[in-house]
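**Q** structural data only, the sequence is not supplied:
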C-alpha cells in the first residue's frame, strides 16, 4: 500500500502534493499519509457518517487543482461497510485525479467496480500465501516507483519477484472467486442473523456499520459497560475467536480510529468475521453463549459505590472517574443519570482518552444530551444533560 501511494504521488509531483484519504482507511494508508505530510505534502481527511461511509459529494468537494492522488478503501476492515467507490471514482476522473482503491477486504468476493486508477490487495485475505501484495496500475496513470530498483524488473522493484508465490496467489483468488457468489449469499444470511438477534438477546448493545451495503462475513457490535479485551478473552475461553475494534489496544490504549470517526461506542466492541465454510450451528452456539458471557463480564467489572464517586457541586452532579479506564466512567454516568431531574446535568471527570468518544456515544444510544467538554484541574469534564 505504501508503495502504491508513494509511487502515485511521485508520478504526479508536477501537479502538486495534495493527498486525499478517508478517515476510516486502513492504518497503512494513514501512515503513508503521515509520511507524505512529514515530507512537506498536504493531506485532507474526508469524514464518514455513523455507518462509516463517505459522502461522494463531500469527497468531490475537497478535490483541488493541486490534488495528486485520492485514496478510498472498497470496504471497511472493522465494520464491513462498502464504500461508494464508483461515484467517488467518477468525481476523481472528472477532476483529473487518480483514485487508489484499497481492495484488500473485498477482492476475494468480487471485482471492484468503477473507473479507479490504482488498486491494491493482499493475498492472505483470500486464502493465498501471506506476504504477497497486489498493486494494479492502469495504463496511462503516472507512476514512479520509489526506493531501490534494478533493470531485472524494469526498475519497479529490487531483485526478482517471488513468482511461485505470485502464481499461487492468482490461483487461490481464481478458486475463491468461483464459489464467491453462493458463499456470499450464505454468509450474509448468517451475519444478518447475528445483527438482528444480538440486540434482542443482550441489552445495551449497538450494532454498527451499514445494514445493507456491507461485506458478507463481517458483523460488528458494541456492548455498553463492558471492557472489550475482557469480553474477547471470555469468548475465547468459550471457543470463539473474535476480534475487537475496541477503545483500547493492549499496547497503546488509544481509541480505534474507525469507531472514533463514526462517532460510535468503542468500549466492549466485538468484530465477528465468518470465514467461508462457517457452519450455521456455530453461529447459533455463539448466540447462545454471548448473553451469559456479556452479563458475567459486566458483573465482574462492577462499579465502585456511588458514595465513592459522586459528589454535589452546585447545580451539577459530579462523577469523579479520574484514574479509571473505560468503561468505568460510562458505568458511573449510567448509575447516576436517574438521580438528576429532567433538564439537570451530570459532569463526568475522566482522564481516559477513550471517554471523549464513549460518553457522547452513550448519550446517542440512551437518548440523553451531550453538552460538551470543559478543561478541568485534572483530566477533562464531560457534561451530560438528562432529557428523559
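**A** Arrived safely, thanks for sending. Values in this document were obtained by computation on a predicted structure and should not be read as measured data.
**Q** can you name the residues that contact residue 58?
**A** By CB atoms under 8 Å, 6 or more residues apart in numbering, the contact list for residue 58 reads 46, 47. Placement of C-beta: from N, CA and C, glycine included.
**Q** any idea which helix or strand carries it?
**A** Taking DSSP states H and E as the criterion, residue 58 maps to helix 56-61.
**Q** and what of residue 45?
**A** Secondary structure assigned from DSSP H and E places residue 45 in strand 42-46.
**Q** on that earlier part again, elements contacting whichever helix or strand comes after the helix holding residue 58?
**A** For helix 56-61, the following helix or strand on the C-terminal side (DSSP H and E) is strand 67-73. Secondary-structure packing of strand 67-73 (3 or more CB pairs under 8 Å, 6 or more residues apart in numbering; DSSP states H and E): helix 2-11, strand 18-22, helix 27-38, helix 85-95, strand 99-102.
**Q** what sits up against strand 67-73?
**A** If you take CB under 8 Å, 6+ apart as the criterion, strand 67-73 is touched by 5, 8-9, 12-13, 15-22, 24-26, 29, 33, 54, 59, 63, 83, 85, 88, 92, 95, 97-105.
**Q** just give the strands next to that strand in its sheet, each with its orientation.
**A** Taking DSSP bridges as the criterion, strand 67-73 sits next to strand 18-22 (parallel), strand 99-102 (parallel) in its sheet.
**Q** low-confidence ranges, the stretch 151-300 of the chain, go.
**A** The model of the stretch 151-300 of the chain has pLDDT under 70 over residues 151-156, 245-254.
**Q** show me the helices in it, by range?
**A** With DSSP state H, counting those that start in this stretch as the criterion, the stretch 151-300 of the chain has helices at 163-201, 228-237, 257-262, 280-301.
**Q** looking at these, which is buried most?
**A** Using mean count of other CB atoms under 10 Å, the stretch among those with the largest mean neighbour count is helix 257-262, at a mean of 23.
**Q** from the middle of its chain, how far away would that one be?
**A** Helix 257-262 sits 6 Å away from the centroid of its parent chain (CA atoms, centre = their mean, to the nearest Å).
**Q** if we look at that helix, which residues are touching it?
**A** Applying CB under 8 Å, 6+ apart, the external contacts of helix 257-262 come out as 23-24, 27, 30, 47-52, 76-79, 208, 222, 245, 247, 265-266, 269, 357.
**Q** what's the ChimeraX line that selects buried ones from those residues?
**A** Isolation of the buried members of the contacts of helix 257-262 (16 or more other CB atoms under 10 Å) is achieved in ChimeraX through the command below:
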select :23,24,30,48,51,52,76,77,78,79,208,222,245,247,265,266,269,357
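**Q** burial measure for residue 386, as a count.
**A** For residue 386, the neighbour count with other CB atoms under 10 Å is 20.
**Q** what separates residue 334 from residue 298, distance-wise?
**A** Applying CB to CB, to the nearest Å, one obtains 11 Å for the distance of residue 334 from residue 298.
**Q** quick one: residue 373 is in a strand?
**A** Yes - residue state for residue 373 (DSSP: H, G, I helix; E, B strand; the rest coil) corresponds to a strand.
**Q** residues in contact with it?
**A** By CB under 8 Å, 6+ apart, the neighbours of residue 373 are 356, 380, 381, 382, 383.
**Q** pLDDT at it, what is it?
**A** pLDDT for residue 373: 93.
**Q** how much space between it and residue 273?
**A** Distance, residue 373 to residue 273, by CB to CB: 34 Å.
**Q** what does residue 382 give?
**A** To residue 273, residue 382 is 33 Å away according to CB to CB.
**Q** between these two, who's got more neighbours?
**A** residue 382 (28 against 17).
**Q** how far does the stretch of helix or strand that one belongs to sit from its chain's centre?
**A** In the assignment (DSSP H and E), residue 382 maps to strand 380-385. Distance, stretch centre to chain centre, for strand 380-385: 26 Å (CA atoms, centre = their mean).
**Q** give me the residues contacting that strand.
**A** Strand 380-385 is contacted from outside by 316, 329, 333, 337, 343-351, 355-356, 359, 363, 368-375, using CB under 8 Å, 6+ apart.
**Q** from those residues, which would you call buried?
**A** Buried residues within these, counting neighbours by 16+ other CB under 10 Å: 316, 329, 333, 337, 345-350, 355-356, 359, 363, 368, 373.
**Q** now, among these, which is nearest to residue 123?
**A** Nearest to residue 123 among those, counting by CB to CB, is residue 356 at 37.7 Å.
**Q** in contact with the closest one, which residues?
**A** With CB under 8 Å, 6+ apart, residue 356 has these contacts: 255, 373, 380, 382.
**Q** measure the nearest residue to residue 32 once chain neighbours are set aside to residue 71 for me?
**A** Closest residue to residue 32 apart from its sequence neighbours, by CB to CB, 6 or more residues apart in numbering: residue 5 at 4.1 Å. Using CB to CB, we find residue 5 at a distance of 7 Å from residue 71.
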